[in-house]
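>>> when you get a sec, could you give me coordinates for this:
(chains A, B, C and D)
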Number of protein chains: 2
Amino acid sequence: MRIGELADKSGVSRDTIRFYERNGLISSTTGESDTNNYRDYPDHNLELLGFFTKARDAGMSIADLRDIIETMNGSCDRSEAAQVIRNKIDDLKTRADQIARVVTFLEQSLENR
Amino acid sequence: MRIGELADKSGVSRDTIRFYERNGLISSTTGESDTNNYRDYPDHNLELLGFFTKARDAGMSIADLRDIIETMNGSCDRSEAAQVIRNKIDDLKTRADQIARVVTFLEQSLENR
DNA sequence: GTAAACCATGAACAATGGTCTATTGTTTTT
DNA sequence: AAAAACAATAGACCATTGTTCATGGTTTAC
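The predicted model follows:
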C-alpha cells in the first residue's frame, strides 16, 4: 500500500505518516519498483496507525509510542518489553485517576455555585 | 502574597505563574507600595494553582482552563457558565474512556505475546 | 549602606507534534 | 503525449507550554 492509500484508510495525513516514520513509529519497505522510491506499507500499518491515534488521544507522547514499538519489535528480552508496557499502562492509569479527580472537583464546583 | 511566596507554596515556578497570568488564568492586584510594581496575590490563588496543576496533568490545555476561569469570573449568565464546565467534564470523561481502551489494548498485547 | 535576594519586562530560546511549501520526480488518466 | 494526481525530500512555519536571559529597579538582611 502506498502512502496516499494508507492516509485515506487510516485518516492520518501523509505528512503525519512521514513524520511518524521519521520518528520511528512505523516503517515502510522500499517499493519493488526500480524507477521510484515510493514507500510501501504492509497492511498491518493500518492497525498500527489506528492504535497510535487512539493512544495520542489518550495523551501518550510520540516518545511513549516509540518506546512501545521498539521494545515490541526489538524484543530481545521479552520480559523487559513487557515491563516497558506495564509502565506505560501504569502511567495511563495514573492519568485516568487524575482525570477522575479533576472531574470530581469540577462537578463539585457546579453543585456549590 | 508576592510571587516568590506563591511559587514556593504552590510548587509552580515564578515564570510559569507570570505565564499563566499573561494568559488570563490568574490575576494579581497591584501591590499597595508606591515604589514598586510587584504583583500581589490573594490567598485563593494558591488553591487555583493547585487546581491548574492537577488539571494540566489530566490533559487540560491552558485554553480549557481559561475558558473555565473566564466563565466562572464573568459569570454574567451562570447557566451558561455551568454549561461550559459540563462540556469540559464531558471532554475529560471521553478522554478517560479513551485511556481505558488503550489500557485494554496494551493489556491484551501483554497476554497475547 | 552594601550585598544578596527579590521583582518586572520583553525577547529569545526550546521541545513537542505536527503542517505547509517548494522543488523535483513518477504514475496514471485522458 | 500532455495533464492530473501522486510521491519524495528538505526546510520553513505554526501553536502550545513553558524556560532562560538580559537589563534594570526594589527590598531585605547583615
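
>>> quick one: the nearest residue to A:R39 once chain neighbours are set aside from A:S109, how far?
Leaving aside its chain neighbours, A:R39 sits nearest to A:S28 (3.6 Å; criterion: Cβ to Cβ, 6 or more residues apart in numbering or on different chains). For glycine as for every other residue, the C-beta is placed from the backbone atoms N, C-alpha and C. A:S28 sits at a distance of 49 Å from A:S109 (criterion: Cβ to Cβ, to the nearest Å).

>>> more neighbours, the two?
Ranked by neighbour count (other Cβ atoms under 10 Å in any protein chain shown), A:S28 and A:S109 place A:S28 first, with 18 against 15.

>>> give me every residue that touches that one.
The contact partners of A:S28, taken as Cβ atoms under 8 Å, 6 or more residues apart in numbering or on different chains, are A:I3, A:E21, A:R39, A:D40, A:Y41, A:N45.

>>> go on, A:I62?
Applying Cβ under 8 Å, 6+ apart, the residues near A:I62 are A:Y20, A:N23, A:L25.

>>> narrow those to those in helices?
The helices, defined by DSSP state H, take in A:Y20 from the contacts of A:I62.

>>> which of the contacts of A:I62 sits closest to B:V84?
A:Y20 (34.1 Å; Cβ to Cβ).

>>> can you get me a residue count around the closest one?
21.

>>> and the host helix or strand of A:V103, is it in reach of chain B?
Per DSSP states H and E: A:V103 is located in helix A:78-111. Yes. For helix A:78-111, a contact with chain B is found by Cβ under 8 Å from any Cβ of the partner chain, at A:78, A:81-82, A:85-86, A:88-89, A:92-93, A:95-96, A:98-103, A:105-107, A:109-110.

>>> follow-up on the earlier one: for the residue nearest to A:R39, phi and psi?
phi -110, psi 160 (degrees, to the nearest 10).

>>> quick one: the residue nearest to A:N37 when sequence neighbours are not counted and DNA strand C, what's the gap?
Ranked by Cβ to Cβ, 6+ apart and with sequence neighbours excluded, the top spatial neighbour of A:N37 is A:T30, at 6.2 Å. Separation of A:T30 from DNA strand C (Cβ to the nearest atom of the strand, to the nearest Å): 12 Å.

>>> can you check A:T35 too?
Distance of A:T35 to DNA strand C, given as Cβ to the nearest atom of the strand: 4 Å.
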